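Trainee: predicted coordinates and the sequence they were generated for:
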Amino acid sequence: MIIFKFIWDFSRAYFYVFCVLLMIISASCEKDSTQGKYPKLLVGDTEISISEDEPNGVAEIPMYLSIVPKTGGSFEYYTADSTAKAGKDYKSISREKISFKPGETYVIIRVEIIPNSEKIYDAAFKIKLENAENCVLPGSELVIKILNTDYETLVWSDEFNGGSLSTVFWNYETGGGGWGNNELQTYTNSNENVHLDSGYLHITALNPSPGSYTSGRITTKGKKEFTNGKVEIRAMLPEGKGLWPALWMLGANFSSVGWPTCGEIDIMESLGHAPSTSYGALHWNLNGHTYVTGTYNLPSGKFSTEFHVFSLVWTPTRIRWFVDGNQFFSKTREEIKGFPIRLPMFFIFNVAVGGTWPGNPDQTTTFPQHMIVDYIRVYQ
């Protein structure tokens, strides 16, 4: 009887301990479950890059909620200097509160960026995050890197001073078939179509027999590809009906995604029958082929009789086109939604003959015709 009572008391005590443990575990799980219902604020990374030339001078940093919140919430933030200084590189924020309502899926932190023409380097500051209510912060701070867009450092150039085209930098593209534009020329790697002479690159269009045309097309694909920077190309263009010279860029992923998804930047295009006019353009895929074009007209003279500098300034937030230092076209990231503005591109130099846009040569067109390039220089 005593043994039986001992076993019963022991079992009852064990049962009580088990119940207490079960209650603790249950409460812990319930607490964790409740915490798990709070949305987490998500950013792409805790180090975020923005551009010095943000449109309207305001950088927007979106923070997405991991789940759709059933209740409202909030957090506070303020800025702190690092290599970037408040009042010089950005506008200080002492302390602000951001709130979200039930059902909202994102919030935005806005910081005013101050363009600094003296700064030729990247700089950073911090956004401190505190006092979260009904949400989980991504950390205690975000590092905001301001990307310099002065682009004064020469990172690559070809001055075309050698005896032949550098195959370290350039590829020859050859063949005919219209090139997607009903063009008439066949591109070759012949010295007659592409050669260097006295420090200049010559891309020459020829008419070796009636109805037959040859020309040159070279690219830096797989050899020199860039994202963002300033490009300067000094060139003199051909003239004549049916000629279509171009200095342009294609996305480095062209082979895998095709055109126009890869994106295209036309630094300069010209039509031989309008030798005082040049164009800058973008092409990309946005539910189909989409493009925008800008036009520059020389105040006097022709592109075929003098050298001119065709320039492009490409930042993470905008692309601008220049001729001889005169800006004639500009598009911001918001204006060209879907364009792969942050992906690398390679250069293409060519002179097409005929095609959908320029039309075909006629009896007024004389050959040979040359696009002569003095240099290409890329700054970052």
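Mentor: Thanks, I have it.

Trainee: so which strand or helix has F125?
Mentor: For F125, the host element (DSSP states H and E) is strand 123-133.

Trainee: what are the pairing partners of that strand, and which direction each?
Mentor: Sheet pairing here is set by DSSP bridges, and for strand 123-133 it gives strand 73-81 (antiparallel), strand 141-147 (antiparallel).

Trainee: need those in a markdown table (columns: mean neighbour count).
Mentor: The way it works is simple: take the backbone N, C-alpha and C, and place the C-beta from them, glycine included. Shown next, in a markdown table, are these (neighbours: other C-beta atoms under 10 Å):
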| stretch | mean neighbour count |
| --- | --- |
| strand 73-81 | 17 |
| strand 141-147 | 19 |
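
Trainee: mind putting the ones you listed in CSV, mean pLDDT and distance to R217 included?
Mentor: Below are these laid out as CSV (pLDDT from 0 to 100; distance: least, C-beta to C-beta, whole Å):
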stretch, mean pLDDT, distance to R217
strand 73-81, 98, 50
strand 141-147, 95, 33
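
Trainee: nearest to G294, out of the ones you listed?
Mentor: G294 lies closest to strand 141-147 among the strands paired with strand 123-133, at 24.4 Å (C-beta to C-beta).

Trainee: residues in contact with the closest one?
Mentor: Here strand 141-147 makes contact (C-beta atoms under 8 Å, 6 or more residues apart in numbering) with 43, 46-52, 59, 61, 80, 82, 84, 89-90, 111, 113, 122-129, 228, 315-316.

Trainee: swap in 7 Å and give it another go.
Mentor: Identification of contacts with strand 141-147 by C-beta atoms under 7 Å, 6 or more residues apart in numbering yields 43, 46-52, 84, 89-90, 111, 113, 122-129, 316.

Trainee: mind giving me the ChimeraX command for buried ones among these?
Mentor: This is the ChimeraX syntax for the buried subset of those, where burial follows 16 or more other C-beta atoms under 10 Å:
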select :48,49,50,51,52,84,89,90,111,113,123,124,125,126,127,129,316
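
Trainee: touching, V373 and A235? I think so.
Mentor: Yes: using C-beta atoms under 7 Å, V373 is in contact with A235, at 4.6 Å.

Trainee: nearest spatial neighbour of A132, chain-adjacent residues omitted?
Mentor: Nearest residue to A132, sequence neighbours excluded (C-beta to C-beta, 6 or more residues apart in numbering): F75, at 4.4 Å.

Trainee: quick one: the one you found from S66, how far?
Mentor: Distance, F75 to S66, using C-beta to C-beta, to the nearest Å: 14 Å.

Trainee: ok, P275 next?
Mentor: 58 Å.

Trainee: so for those two, which residue has more residues nearby?
Mentor: Legend: neighbour count by other C-beta atoms under 10 Å for P275 and S66, higher for P275 (19 against 14).

Trainee: how about the secondary structure of that one?
Mentor: Put simply, P275 is coil when judged by DSSP: H, G, I helix; E, B strand; the rest coil.

Trainee: that one and S304 touch, don't they?
Mentor: Yes: if you go by C-beta under 7 Å, P275 and S304 touch, sitting 4.6 Å apart.

Trainee: so what sits against both of the two?
Mentor: With C-beta under 7 Å, 6+ apart as the test, P275 and S304 both reach 237, 239.

Trainee: centre of the chain versus the helix or strand that contains I267, how much separation?
Mentor: In the assignment (DSSP H and E), I267 maps to strand 264-269. Centre-to-centre, strand 264-269 and its host chain are 15 Å apart (C-alpha atoms, centre = their mean, to the nearest Å).

Trainee: over to stretch 334-347?
Mentor: 4 Å.
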